[in-house]
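**Q** model the following, please.
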Amino acid sequence: MIVVKTEAGQQVMKDRSVALTPRQRSALILVDGKRSRDQLLTATAAAGATPDDVDTLFALGLISEAEGTPAMSVAHATVVEPEAPRSDRTPQERYSAAYPIATQLTAGLGLRGFRLNLAVESASGYQQLAELAPKIRDAVGPDLFAPLDKALHG
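**A** Numbers count the residues shown, from 1 in each chain. Purely as a prediction, here's the structure:
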């Protein structure tokens, strides 16, 4: 089953109303509605997240399993690829495609990308995320940045 953020989880991302450990917060950031529980654990392993951290997010009601959706293969867990770019996409569609990629990239930076990750999390639209793009490119390099660039500008 695919793991999704609940409304409570989305609210906690905005206002930090629930005290989470850095590992739990990293796991919550990477919940994008495209990964299974196992894929989430694989993606957050570098940050030290454990199955107990993910179980805590479930217990707090911050994430849940989406019903009726098949899990993706593990091969898709490493990089979130945006849909094929369309020139007629609205800024909201571009933001929706780019936000999970940006959070994944900045969360993967660890402590050196903490402030950048917070800036990405607080970006509330396409324009704010596009303004952060050069900083993300500088932090992760052009190869890892390419999917985000496609999502934002493709």
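
**Q** could you identify the helix or strand that succeeds the least confident helix or strand in the chain by mean pLDDT?
**A** When the helices and strands of the chain are scored by mean pLDDT, DSSP states H and E, helix 37-44 comes last with a mean of 82. Sequence order places helix 51-59 as the next helix or strand after helix 37-44, per DSSP states H and E.

**Q** what's the mean pLDDT across that next one?
**A** Model confidence over helix 51-59, given as mean pLDDT, is 86.

**Q** how about it: buried residues?
**A** The neighbour-count check on helix 51-59 (16 or more other CB atoms under 10 Å) flags 53-54, 56-57 as buried. C-beta: built from backbone N, CA, C; applies to glycine.

**Q** domain parsing of the chain, as residue ranges.
**A** Taking automatic domain parsing as the domain assignment, the ranges for the chain are 3-65, 83-153.

**Q** wait, Pro100 touches Val31, no?
**A** No. The criterion here is CB atoms under 8 Å, and Pro100 misses it with Val31 at 9.1 Å.

**Q** which of those two has more residues huddled nearby?
**A** Val31 (27 against 20; other CB atoms under 10 Å).

**Q** state the distance from the more buried one to Val54.
**A** 9 Å (CB to CB, to the nearest Å).

**Q** kindly report the same for Gln39.
**A** In terms of CB to CB, Gln39 sits 11 Å off from Val54.

**Q** now the strands for the chain?
**A** For the chain, applying DSSP state E gives strands covering 3-5, 63-65.
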